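[1] no sequence on this one, just coordinates:
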């Protein structure tokens, strides 16, 4: 039997809206980086 009241905390589940926003930000960054690299390649 436990002699304390300590419980383990589980990592909270990610909010679906937060996941959608994070993925959108990743997609925008990826597109911006690809466009910038494409622009640099065209200049050479």
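    Perfect, thanks for sending it. Note that the structure is predicted; figures quoted are calculated from it, not measured.
[2] can you tell me how far the spatially most central residue of the chain sits from residue 5?
    Taking C-alpha atoms, centre = their mean as the criterion, residue 22 is the residue nearest the geometric centre of the chain, at 4.6 Å. Look at residue 22 and residue 5: by C-beta to C-beta, to the nearest Å, they are 35 Å apart. No exception for glycine: its C-beta is placed from N, CA and C like everyone else's.
[3] And residue 37, how far from residue 9?
    42 Å.
[4] just residue 18 next, same as before
    Counting by C-beta to C-beta, the gap from residue 18 to residue 9 is 19 Å.
[5] cool, and residue 16?
    21 Å.
[6] So which residues of this protein form strands?
    Counting by DSSP state E, the chain forms no strands at all.
[7] which intervals of it have sub-threshold pLDDT?
    1-2 (pLDDT under 70).
[8] More neighbours: residue 37 and residue 9, which one.
    residue 37 (10 against 5; other C-beta atoms under 10 Å).
[9] what residues are up against the more buried one?
    With contacts defined as C-beta atoms under 8 Å, 6 or more residues apart in numbering, residue 37 has no neighbours.
[10] ditto for residue 35
    Contacts of residue 35 (C-beta under 8 Å, 6+ apart): none.
[11] what about the helices in this protein?
    16-43 (DSSP state H).
[12] I'd like to know how far residue 43 sits from residue 34.
    15 Å.
[13] quick one, which of those two is more surrounded?
    Neighbours were counted for residue 43 and for residue 34 using other C-beta under 10 Å; residue 34 has more, 10 against 6.
[14] how far away is the more buried one from residue 10?
    Taking C-beta to C-beta, one finds residue 34 at 37 Å from residue 10.
[15] do the same with residue 42
    50 Å.
[16] same check, this time on residue 24
    27 Å.
[17] which of those two has more neighbours?
    Neighbours were counted for residue 24 and for residue 10 using other C-beta under 10 Å; residue 24 has more, 10 against 6.
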